[in-house]
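# have a look; sequence and predicted model below, questions after that.
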Amino acid sequence: MAPATSTRNYQLPFTVRVERRLNVPGWLSPAVSLGAIVVALLLGAVVLALVGGNPWAAYAHIGKAAFGDIGVFSDTLVKATPLMLTGLACAVAFRMKLWNIGAEGQFFVGALCSSAVILSGLVPKDAPRVVAIPVMTVAGVIGGALWGFVPGFLKAKLKVNEIITTLMMNYIAIALVNFFVFAVWSEGGFQMSAMFQKAAWLPRLADYAKQYPIFRGLTTHAGLIIAAIAAVIVWYILYRSLWGYEIRLIGDNPRAAEYAGINITRNTVLVMMTSGALAGLGGMSEIAGVVHRLQTNISPGYGFTGIIIAWLAKLNPIVVIPVSVLFGGLILAGREIQPAGVPRLIQGIILFMLIASEVLLRYQIRIERVGK
Amino acid sequence: MTSTQNAVEMRGIVKRFPGVLANDNVDFELRAGEIHALLGENGAGKSTLMSVLAGLYKPEAGTILVGGVPVSFNSPRDAIKHGLGMIHQHFTLIPSHTVTENILLGLDDPRFIMRLPQYDKKIAELGERFGLKITPQAKVWQLTVGEQQRVEILKMLYRGVQVLIMDEPTAVLAPNEIEGLIKTLRAMAAEGKSIAFISHKLNEVMNASDRITVLRQGKVTAAGLRTADTTKAELAKLMVGRSVIFNLEKKPQTPGEVVLKLDSLRADNNKGLPALRGVSLEVRAGEIVGIAAIAGNGQSELAEVITGLRKATGGQVLVNGEDVTNRSARMTIQKGVSHVPEDRTHVGSAPNLSITDNVIMKRYRQSPLANGWTLNGVLARKTAETLKSEYTILAPSVDTAARMLSGGNLQRVILARELSSSPKLLVAMQPTRGLDVGAIEGVQKLLLAQREAGAAILLSSEELEEVFALSDRIVVMYEGEIAGEVTEHDPVAVGLMMTGAKKRQTA
């Protein structure tokens, strides 16, 4: 008779099973993302401790520097505003699996075009705000859309890899802005243009300090409202419109989309233009809301951070808003506790943890005792 | 001792997956020198059982005896050490490496210096011994699917396996390649090796195996039947637990107007070579026209040209008298053309989207689903729920992602979408391929119901029996041309035309 036991010669007291999930409950995705951030912060703490820092002090400092009082929180929101728009830009493109990593360039071109309408005198100096701001907005949107159109068209017609074209066009955009700043609109040889007239500034909270004293010194500007409205519109398009359905279908299976009679060429161009337009809008908001002139260093990588934000928000336009606030805070704190580079480190770890946590959405891990 | 003649014995195997009992106390015996077929519907637990045997899964309970000795496998490597090797449906080859390199991969010999020519010779000899024609120096990407399978078999033979397990080996093969495979398996059996293969195709099982074990819902319903002593009807009953009506009820019907008219249609295949060389054909309302052809003779391209997915290089496609040649896929959808595509996972569905999103794929632009530029999500869901119960799609809910569905259920989703629009013309490509007996019957009934409802149907199937059972007329395609037409049940004539032996017998 054969013995019923196995001939295993080593054994752990438990086994770890990795099984495919059959159903993903709705709460899981946000919970896993949140978990990833917590784990990233803990890992960041380990790194800080290893190099002899006090991680809790550093985190407390970051928290205070970004969210400590209404003044710094307002500054956090200022940083979050361009991030929301670049995050939305990436979310729209990524939905269709178009890897637009050119939000940075589209942001710069948006800034350039919205500055151009002011600096070239297209909008007269004495034009009221209700004229200047909409014209700048349209210019920024068109500029960004144009910068998205080129890679979109190349991808749709010639199957040129959009990752490469969008990345390369970032450098062209930055060089273009440099050219205009130094050669055309330079203010006395400095790397910045002349200040715009007040009518071309987006209103700030501080502008209303007379009526509401609490707003004194707060730099949060109307770009935040523009970004929030954009988020709602993008959400509505992605989840409630025919076009959003087409984008999702193409993103999941282009061959099925073609079979369903959807024009992929046209949608590739349109989605890249929409993505570019959102990033361009971000550039406009930054120019008209914060710096009030065209200059070279308008972005500490908002376009690239937008990629991380879009992923962290699981490509959900509404979730982009709080995630942008978190990253806005990290950028602000980064200025505060320079040159430690801690917030950058944390950003990097968050992205890695996020990518790693994806596996938990597809598989479940069970630990079982051996034997019964 | 009972186990002396058994190469492998499995006793009381239990294997659970979340929510499913895949193998419920299963016994399986494989004798030395036999070809043993494991038959069952999709999801009956055949692949699971064989994966347990190959060391891929660990069973919750049960024992495996190899040559009478109990063994426990922690990995496929352990199983190969004991002489058990499995070839999966999806091959595990490296495309940019040669046949020899692929076979040697993971072995300890050669150690450092490759000396490939010497091994090329060894492998060519091994292939010859078992009737596996292969060029050892060829890169894998240059090989056809059938040849790649031969490499997989050689890989196992080279590792000296005594027991070869194959998961649906014929699913990817052309009919002539299937014959070659069976010959190889016979040669292996003649040398005393044992082969266990998984299948749900009755014809093949009858042709290729010595004995048959049937599984149903994780349990054995017949163990080790001698193939010579059984019939297809009996096996079908064992598989599905009830008698299957193989004679479908097809009402006599007079065809109506011409719905689809093809006039000397020409088109190229993906490689830019002519795939259609002047195809002329008519399909009338209430008529099923079957295309009998061996894979790769232009039937796939024909379907794509008709449905607007491929450009014609010449000729015309008329739907209800209207010229739709080289118009968009969207246009043909609007004209009432439905299409059950050959490739249901890569063309027919969006795997990560829900059942709801998948069933509205062709009608989301139409009112009332479309409301201006917005989509009525509530109505979409309701539509999906109705179709789910009407077409008995088995899934937890309409929010379930399409990739979670079994082959049969996914095909029902596609049929629900394509048939519920009451098409004027239905192009059905391989509508029952890969489905189990019960599901096949359901699909065939749906097609006949469409015929009665007055749809013109163009059907293509690799199962000749199916083409005969369903079609009013049969056209045979060979190398992109219509080789002839038959109305009576004459498999010999059709077979000859399909292989190009006989042309133009239309009288």
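Nice, thanks for sending it over. Residues are numbered from 1 along each chain as shown, chains lettered A, B, ... in the order given.
# what about the residue of the stretch 51-200 of chain B at minimum distance from chain A, neighbour count?
Relative to chain A, the nearest point of the stretch 51-200 of chain B is B:Ser72 (3.8 Å; Cβ to the nearest Cβ). C-beta: built from backbone N, CA, C; applies to glycine. Applying other Cβ atoms under 10 Å in any protein chain shown, we find 15 residues neighbouring B:Ser72.
# so what pLDDT did it get?
pLDDT for B:Ser72: 89.
# quick one, phi psi at it?
Note on B:Ser72: backbone dihedrals following degrees, to the nearest 10 are phi -140, psi 130.
# distance of it relative to B:Thr63?
As for B:Ser72, its distance to B:Thr63 is 9 Å (criterion: Cβ to Cβ, to the nearest Å).
# again, but for A:Gly334
As judged by Cβ to Cβ, A:Gly334 and B:Thr63 stand 62 Å apart.
# ok, those two, which is more surrounded?
A:Gly334 (23 against 18).
# please enumerate the helices of chain A.
Counting by DSSP state H, residue ranges of the helices within chain A are A:28-50, A:55-67, A:70-95, A:103-119, A:129-158, A:162-179, A:223-240, A:242-252, A:254-259, A:264-286, A:302-312, A:317-336, A:342-362.
# and among those, the most buried is which?
Compared across the helices of chain A, helix A:103-119 shows the largest average neighbour count, a mean of 30 (mean count of other Cβ atoms under 10 Å in any protein chain shown).
# could you say what helices and strands that one packs with?
helix A:70-95, helix A:129-158, helix A:162-179, helix A:264-286, helix A:302-312 (3 or more Cβ pairs under 8 Å, 6 or more residues apart in numbering or on different chains; DSSP states H and E).
# for the closest residue to chain B within the stretch 151-300 of chain A, what are its contacts?
Nearest to chain B, among the residues of the stretch 151-300 of chain A, is A:Gly261, at 3.1 Å (Cβ to the nearest Cβ). Residues in contact with A:Gly261 (Cβ atoms under 8 Å, 6 or more residues apart in numbering or on different chains) are B:308, B:328-333, B:362.
# what of A:Val141?
A:110, A:277, A:280-281, A:284.
# can we see that at 6 Å?
For A:Val141, the contact set (Cβ atoms under 6 Å, 6 or more residues apart in numbering or on different chains) comprises A:277, A:280-281.
# quick one: contacts for the one residue in the stretch 251-400 of chain B that gets nearest to chain A?
Going by Cβ to the nearest Cβ, chain A is nearest to B:Arg330 of the stretch 251-400 of chain B, at 3.1 Å. Shown in contact with B:Arg330 (Cβ under 6 Å, 6+ apart): A:Gly261.
# quickly find the element holding it.
Using DSSP states H and E, the element containing B:Arg330 is helix B:329-334.
# helices of the stretch 351-500 of chain B, start to end?
In the stretch 351-500 of chain B, the helices defined using DSSP state H, counting those that start in this stretch lie at B:355-359, B:377-390, B:407-419, B:437-452, B:464-470, B:491-498.
# which of the ones you listed is buried the deepest?
Mean neighbour counts were compared across the helices of the stretch 351-500 of chain B using mean count of other Cβ under 10 Å; the top stretch is helix B:355-359, at a mean of 26.
# just checking, what packs against it?
Other elements packing on helix B:355-359 under the criterion 3 or more Cβ pairs under 6 Å, 6 or more residues apart in numbering or on different chains; DSSP states H and E are helix B:377-390, helix B:407-419.
# comparing the ones you listed by mean pLDDT, which bottoms out?
helix B:407-419 (a mean of 90).
# ok, residues contacting that helix?
Helix B:407-419 has contacts (Cβ under 6 Å, 6+ apart) with B:42, B:338, B:340, B:344, B:348, B:355, B:358-359, B:362, B:387, B:391, B:393-394, B:434-435, B:439, B:446.
# show me where pLDDT drops low in chain A?
By pLDDT under 70, the weakly predicted segments of chain A are A:1-12, A:22-24, A:337-341, A:370-372.
# centroid residue for it?
The centre of chain A sits closest to A:Gly306, judged by Cα atoms, centre = their mean, with a distance of 2.0 Å.
# before we move on, the earlier item: and the residue of the stretch 51-200 of chain B closest to chain A, how close does it get to B:His82?
From B:Ser72 to B:His82 the distance is 10 Å (Cβ to Cβ).
# what helix or strand is B:Met156 located in?
helix B:145-158.
# contacting residues around A:Ala333?
Counting by Cβ under 6 Å, 6+ apart, A:Ala333 has contacts A:62, A:65-66, A:343.
# identify, from these, the entry nearest to chain B.
For the contacts of A:Ala333, the nearest to chain B is A:Pro343 (33.9 Å; Cβ to the nearest Cβ).
# show me what contacts that closest one?
Listed by Cβ under 6 Å, 6+ apart, the contact set of A:Pro343 reads A:330, A:333-334.
# and which of those residues is nearest A:Phe180?
Comparing the contacts of A:Pro343 against A:Phe180 with Cβ to Cβ places A:Gly334 closest, at 28.1 Å.
# grab the nearest non-local neighbour of that closest one.
Nearest residue to A:Gly334, sequence neighbours excluded (Cβ to Cβ, 6 or more residues apart in numbering or on different chains): A:Pro343, at 3.9 Å.
# look up how far A:Gly44 lies from that neighbour.
On the measure of Cβ to Cβ, A:Pro343 and A:Gly44 end up 9 Å apart.
# sorry, back to before: ok, and the closest non-adjacent residue to the residue nearest to the centre of chain A?
Excluding the flanking residues, the one nearest A:Gly306 by Cβ to Cβ, 6+ apart is A:Thr86, at 2.9 Å.
# ok, the one you found touching A:Gly105?
No. Judged on Cβ atoms under 6 Å, A:Thr86 makes no contact with A:Gly105 at a distance of 10.8 Å.
# isn't the residue nearest to the centre of chain A up against A:Ala91?
No. Using Cβ under 6 Å, A:Gly306 is not in contact with A:Ala91; the gap is 8.5 Å.
# how about the contacts made by the residue lying closest to B:Thr332 once chain neighbours are set aside?
Among residues not flanking B:Thr332 along the chain, B:Gly308 sits closest, at 4.3 Å (Cβ to Cβ, 6+ apart). By Cβ under 6 Å, 6+ apart, B:Gly308 lies in contact with B:327-329, B:332.
# need the contact list for A:Val117.
With contact taken as Cβ under 6 Å, 6+ apart, A:Val117 is in contact with A:123, A:135-136, A:139.
# quick check: residues of chain B near chain A?
B:18, B:70, B:72, B:329-330, B:333, B:346-347, B:350, B:352-353, B:361-362, B:364, B:370, B:373-375 (Cβ under 6 Å from any Cβ of the partner chain).
# which of those residues count as buried?
Listed as buried from those are B:70, B:329-330, B:333, B:347, B:350, B:353, B:361-362, B:364, B:370, B:375; burial here means 16 or more other Cβ atoms under 10 Å in any protein chain shown.
# what's the farthest-apart pair in the residues you listed?
Greatest spacing in these, by Cβ to Cβ: B:Pro70 and B:Ala370 (63.7 Å).
# tell me what the following helix or strand past the helix holding B:Met156 is packed against?
Downstream of helix B:145-158, the first helix or strand assigned by DSSP H and E is strand B:163-167. Judged by 3+ Cβ pairs under 6 Å, 6+ apart, the packing partners of strand B:163-167 are strand B:84-87, strand B:194-199.
# make JSON lines from those strands and add mean pLDDT to it.
Listed next are the helices and strands packed on strand B:163-167 as JSON lines, based on pLDDT from 0 to 100:
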{"stretch": "strand B:84-87", "mean pLDDT": "93"}
{"stretch": "strand B:194-199", "mean pLDDT": "92"}
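# lovely, talk soon.
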